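Undergrad: Fold the following for me, if possible:
(one chain, ligands or ions: 1)
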Amino acid sequence: MTLREALAQAAALGVARIDAQLLLLHVLGREGDRAWLLAHDDDALGAQAEEKFRALCRRRLDDEPVAYLTGRKEFFGLPLAVDARVLVPRPDTETIVEWALELLRDMPAPRVLDLGTGSGAIALAIQHARRDAQVEAVDRSAEALEVAQANARRLGLPVRFRQASWLDGAGTYDLIASNPPYIRSDDGHLASLRHEPREALVAGPDGLDDLRAIANAAPAHLRPGGWLMLEHGWDQAEAVRGLLAAAGFAEPASRCDLAGIARCSGGRRLELG
Ligand code: GLN
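TA: This is a model prediction of the structure:
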C-alpha cells in the first residue's frame, strides 16, 4: 500500500489527520517532516512498517498521547524526549515561559526555580533563552527527574535538578514558575488523560490544593520584588489571583494562552519586609 492509502485507512479508523501523519513519519524515521510526507504520498509502505503504523494507530485510538508514541514533543522550539513518566508539555504552558522571559529581561543572571518540572519544559526553555540564568528545577517524582535530566544533558543546558516536594529545601529566587496539578478530582476529562501520571494532573476537590500550597510557601523563597507565576485551569484565574493576594502578593495579574483563556497568573512579593 502507499503512504496515502495508509493515511486514508487511519482516517477511516478515526485517527486525526495530523496524528496519523506524525505517527507515520515516526515509523519512517522522518520525525515531524510533514512536507516530505506530502511530496511522497505515492511511495510504498513496507509490510513491517504498515504493521507498526497500525499498532500505533490502535494505541492512539485508546487515547495514548502522540508524544508518548513518538517519544518526543516540541516545547518552545526545543525538542524534548517524553514518555509516560511525565506529563506531555502543552503549548498552553509556553504562556508562562514568555511572561517569565519578559519579566527577567533586564535582570542579569536571574535566579529561577521551576516547581514540578516534569519533562523539564519550563526550566529548559528559560535556560535556553537565558544562558546567564541560574535555573533550578524540582520534582517530587524521581522518575520525572530522570526524564528532565536526560533532556538537559541532550540539549547541553546547565539546569540544576533536585528531588523535592514544592518548596522544601529551596533557596531564594528572583522568579518561581510552576505548572502544578490543577484538575479537580471529579473532572470528567481525566478519563481521556489516563495515560499521563495522575499525580501531575489532579489536585483535590477544587483543583487548587497545590496552587494554594505553592502560593503560601513562595513568599519566603522570593527576594523582595520577586515574582511567582502559576499555570492553572481555564476557570481558575480569579481564584488563583485571590490565593496570591491572600498570600501577600502585590499586583496579581493573569495572562491568556493561545486560545485566549486566562491560563496563568502571577504576583510580586512586596518590596517591604
Ligand atoms: N493543561 C492540562 C490539561 O488540562 C493539565 C495540566 C496540569 O494539570 N498541570 O490537559
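
Undergrad: can you pull out the strands in the stretch 51-200 of the chain?
TA: Along the stretch 51-200 of the chain, counting by DSSP state E, counting those that start in this stretch, strands occupy 72-75, 78-81, 111-115, 134-139, 160-163, 173-178.

Undergrad: Show me what from this structure comes close to the ligand.
TA: R90, D92, N179, P181, Y182, I183, L193, L201 (CB under 6 Å from any ligand atom). Where you see a C-beta, it was placed from the backbone N, CA and C, and this is true even at glycine.

Undergrad: and P180, how many neighbours does it have?
TA: Using other CB atoms under 10 Å, P180 has 21 neighbouring residues.

Undergrad: OK, contacts around L115?
TA: Residues near L115 by CB atoms under 8 Å, 6 or more residues apart in numbering: V138, W166, L167, I176, A177, S178, P180, I214.

Undergrad: Could you rerun that using 6 Å?
TA: Neighbour list for L115: V138, W166, S178 [criterion: CB atoms under 6 Å, 6 or more residues apart in numbering].

Undergrad: Same check on E136?
TA: By CB under 6 Å, 6+ apart, the contact list for E136 reads L113, R160.

Undergrad: start at 408 instead
TA: Okay, using 408 as the starting number, the last item reads as E543.

Undergrad: That one bridge partners, please.
TA: Assessed by DSSP bridges, E543 has beta-bridge partners L520, R567.

Undergrad: Need the residues that contact stretch 454-471.
TA: Contacts of stretch 454-471 (CB under 6 Å, 6+ apart): A413, A417, L420, V422, D426, L430, L431, V434, L476, S599, H602.

Undergrad: Switch the strands of the stretch 458-607 of the chain over to CSV; also include mean pLDDT.
TA: Formatted as CSV, the strands of the stretch 458-607 of the chain follow (pLDDT from 0 to 100):
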stretch, mean pLDDT
strand 479-482, 96
strand 485-488, 98
strand 518-522, 98
strand 541-546, 98
strand 567-570, 98
strand 580-585, 98
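
Undergrad: what's the neighbour count on G595?
TA: Neighbour count for G595, taken as other CB under 10 Å: 7.

Undergrad: Give me the distance between it and V489.
TA: Distance of G595 to V489, given as CB to CB, to the nearest Å: 25 Å.

Undergrad: Skip ahead from the helix or strand hosting G633 and say which helix or strand is next.
TA: Using DSSP states H and E, G633 sits within strand 629-638. The element immediately downstream of strand 629-638 (helix or strand, assigned by DSSP H and E) is helix 644-653.

Undergrad: So which bits of that following helix are buried?
TA: Going by neighbour count (16 or more other CB atoms under 10 Å), the buried part of helix 644-653 is A644, A646, V647, R648, G649, L650, L651.

Undergrad: Which neighbours in the sheet does the helix or strand following that helix have, and how are they oriented?
TA: Downstream of helix 644-653, the first helix or strand assigned by DSSP H and E is strand 656-663. Paired with strand 656-663 in the same sheet, following DSSP bridges, are strand 669-676 (antiparallel).

Undergrad: need the contact list for the closest residue to D499 other than its chain neighbours.
TA: Using CB to CB, 6 or more residues apart in numbering and skipping residues adjacent in sequence, the residue nearest D499 is D664, 4.3 Å away. By CB under 6 Å, 6+ apart, D664 lies in contact with D499, T502, R670.
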